[in-house]
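> coords please:
(chains A and B)
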Amino acid sequence: MTDTPFSVTAAGAPPKGGRASLARRVLPYAMLSPAVLVTLAIVFLPMAQAAWMSLHDYLLWKPSGFAFVGLKNFAAALSDEVFWISLKNTAIWIGLTVPAQMLLGLVTALLLNQKFPWRPVARALIIIPWALPSVVIALMWVWIYDANYGVLNEFLLRMDILKSSIPWLADPDTALYAIILTLTWQGFPFFAVMILAGLQSIPRSYYEAASIDGASAWRQFWHITLPGISGVLVTAVLLRTIWVANSIDVIFVMTGGGPGYATYTLPLYAFVKSRTNLDFGYGSALAVMFTIMLLGFVILYLKRAGKAVN
Amino acid sequence: MKRTILAAALAAGTILGAGSALADETVRFWYHFDNADNPMSALVEKFEEENPGIRIEAENIPWNSYYDNLYTSIVAGNAPDAAMVKMFAQPRLLEMGALEPVGEMVEAWEGKDDLLDNLLNLTRASDGNTYYLPIQYVVLYLYYRQDMLDELGLDVPGTCDEFRDVAMKLTRDTDGDGQPDVYGFGFRGGKGGHDHWGSFVLSRDVSFEPGGMLTEEAIAGTQFVVDLFREDKVFPPSAPNDGFKEVIGAFQAGKTAMTIHHIGSSADMVEALGDKVSATTVPECGGGRWTAFGDESTAILSSAQNKEAAWKWISFLSSAGNNALFNEATGQLPVTRTDSGSWTLHEKRFVDATVNSLPFAELLPNVPETSDFVNTVWPVNMQRALTGEITAREMNQAIDALYNP
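Sure, this is the predicted structure:
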């Protein structure tokens, strides 16, 4: 890209080092600077502020007690029972939700890639869970899970699978998994759409050649389909892992973290500490720790995104 | 740095209105109403007619984020001149130096003697000063289904033992499918349920002082609540997560036969259930009674530009006639003798239950820890106790540790 102006100059345009050349060099920075400034102001400045606050005792209602405490908040987190409960829940939350969304999305994409009547309608309908606001989905599933009126209990009771209603969201053994199921339902269309796009980029001739060679459907899937969508899968998994990890809206609406700490995840715990307890120092420390934990995924994603741009 | 960022966060939303807000005779007032009807415009109009030269900018802030916004606006230096406030927020507002003492203004105010007994004492700060002017109040009482008690030949429970017995009998499978359809009591295990717990526990001469939560009486109180759910099964299975909406909805739908709330919900109760619903005081437990006093006051912020004008406005709202108009909108009770004497908005049985509860109505400790007790420590530990993760003693230990670190 930098070669072009010089070649133009050499061809007889204004002389090298002139005002026009300077303008060309400055122009990209001038064009980019508003975006960079906005990003700095709304992304990096709050991040730096969170890191700074995490090194302080800072209760919002004690504005005069803002004192530098070094790593005290981080040490306190490591000896905090709720931190470890939240970390464990976060691991389960990410470890089950993302693979479940991916598998369901993969199966859906394979089905939608087949030819059948009303396929465009099916493709449009499958997007609905993804298109609905999280709060609407959370409220809807709270009703589905309701122990008194919920359709899930009613269905299972009628099928004789249950003998009595289960309070899905009020039982610490089931609450987290109930929310994971909700988020799986909400998020699988993202995988389905991404994978469907990947599937359509695989040439039909590969499958025709494999059929002629006598490859079974499973071997075609394993040796053609899977390699064909692997790039899409990796990007989608990385992206979705970061989103799911930071997602607190559905949990907050469905249980608020309860019962007890049963559905606390680290971002939710940081939110409760900061917003409800007004303890911005400790809440920031939790957020910083979680960001560091996620950093590996973020770097992997940025590398892939960089590759795609190149 | 913290001030800079918080100020920047708020500046964008407030800078345009700041010009008029800073005018000498303008009072910025924040309040929160649950209902969509806004009676403030009528009150503002009336006030401005009576007080030419003072303009009121009244802003309804959503309840969910009311205190978040108030605290943040104070830190950012953009607090309103006056605001509706509850007692639990008073210690923190004092710690922030955000409240203006109004004791002298109250003493010199002609409407002072028309305020109901004890309200100024209940809302006095721990430092002995007066910062709040009461504007409305409620007292929690026991709602019950009169028709269900009549059907089973049961009396209204007066003590905890009777309450347990009645709740167990009211918990029934009415359609023969082997599942209870009606539960004796709708317990609020989510945020705000400390008022239910308090009636069963704090009635037993229990305090939040060091060791107060660890007495046998205090632990027996919490154990009583846990047993009602885990052993007697008189709460719906969803009780650990239930909040206001669920508890009131279940009672109105006939899923529960008793619950605890205040006169603010009585109109909806009557609309749903008619004469089938009635109310009485909460039961006597362990030899005493305790119920929550639901307060709402107004205060002048110390940063107010026009404190005299702000006082004129908040005292106007707590004056006879204006206070009635205000409470007709909120569905709660007026704080003046004049308005209380002629009050007809609520049915008599609910007013009676409220008045009969006043002698033992109390507030939670007036200390900064109470906010955390209400918002996190009580709900989280109550839920853990109800689901068997911790014992009643461990729950009380967590409360003791909060108040007495």
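
> from here on, just use CA atoms for contacts and neighbour counts.
Fine.

> and the helices in the stretch 101-250 of chain B?
Counting by DSSP state H, counting those that start in this stretch, the stretch 101-250 of chain B has helices at residues B:103-108, B:119-122, B:146-152, B:160-170, B:194-201, B:216-230, B:244-252.

> interface residues of the stretch 151-300 of chain B facing chain A?
B:179, B:236-241 (C-alpha under 8 Å from any C-alpha of the partner chain).

> PyMOL command to pick out the buried ones of those residues?
Only the buried entries of those go into this PyMOL selection, using 16 or more other C-alpha atoms under 10 Å in any protein chain shown:
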select buried, chain B and resi 236+237+238+239+240+241
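
> out of the residues of the stretch 151-300 of chain B next to chain A, which is nearest to residue B:298?
Nearest to residue B:298 among those, counting by C-alpha to C-alpha, is residue B:241 at 31.8 Å.

> report the contact partners of the residue nearest to that closest one when sequence neighbours are not counted.
Leaving aside its sequence neighbours, residue B:241 sits nearest to residue B:190 (C-alpha to C-alpha, 6 or more residues apart in numbering or on different chains; 4.9 Å). Shown in contact with residue B:190 (C-alpha atoms under 8 Å, 6 or more residues apart in numbering or on different chains): B:239-243, B:379, B:383.

> quick one: least confident of those residues?
Among those, residue B:243 carries the weakest pLDDT, at 88.

> ok and the residue in chain A nearest chain B?
Using C-alpha to the nearest C-alpha, the closest approach of chain A to chain B is made by residue A:260 at 4.3 Å.

> tell me which element that residue falls in.
Using DSSP states H and E, residue A:260 maps to neither a helix nor a strand.

> for the stretch 151-300 of chain A, which residues are neighbours of chain B?
Counting by C-alpha under 8 Å from any C-alpha, the residues of the stretch 151-300 of chain A near chain B are A:164, A:166-167, A:169-172, A:255, A:258-261, A:275-277.

> ok, and the most crowded of those residues?
Each of these was scored for neighbours by other C-alpha atoms under 10 Å in any protein chain shown, and residue A:259 scores highest at 33 neighbours.

> residues in contact with that residue?
Contacts of residue A:259 (C-alpha under 8 Å, 6+ apart): A:169-172, A:175, B:240-241, B:380, B:383-384, B:387.

> sorry, back to before: kindly reformat the residues of the stretch 151-300 of chain B next to chain A as a markdown table containing distance to residue B:106.
Converted to a markdown table, those look like this (distance: C-alpha to C-alpha, whole Å):
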| residue | distance to residue B:106 |
| --- | --- |
| B:179 | 57 |
| B:236 | 47 |
| B:237 | 49 |
| B:238 | 46 |
| B:239 | 43 |
| B:240 | 43 |
| B:241 | 42 |
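
> so which residue is dead centre in chain A?
By C-alpha atoms, centre = their mean, chain A has its centre lying nearest to residue A:243, at 1.4 Å.

> mind giving me the domain ranges of the chain?
If you meant another chain, say so; for now it's chain A. A:1-40, A:73-309 (automatic domain parsing).

> switch to chain B, please.
Split by automatic domain parsing, chain B gives B:25-137+B:293-353, B:141-281+B:367-403.

> those domains: lowest mean pLDDT?
domain B:25-137+B:293-353 (a mean of 90).

> where's residue A:74, which helix or strand?
Using DSSP H and E, residue A:74 maps to helix A:72-78.

> check whether that helix comes near chain B.
No - with C-alpha under 8 Å from any C-alpha as the criterion, chain B is not reached by helix A:72-78; the gap is at least 15.4 Å.

> so what secondary structure elements neighbour the helix or strand just after that helix?
Sequence-wise, the next helix or strand downstream of helix A:72-78 (DSSP H and E) is helix A:81-112. On a contact count with 3 or more C-alpha pairs under 8 Å, 6 or more residues apart in numbering or on different chains; DSSP states H and E, helix A:81-112 meets helix A:119-125, helix A:175-200, helix A:226-246, helix A:266-271.
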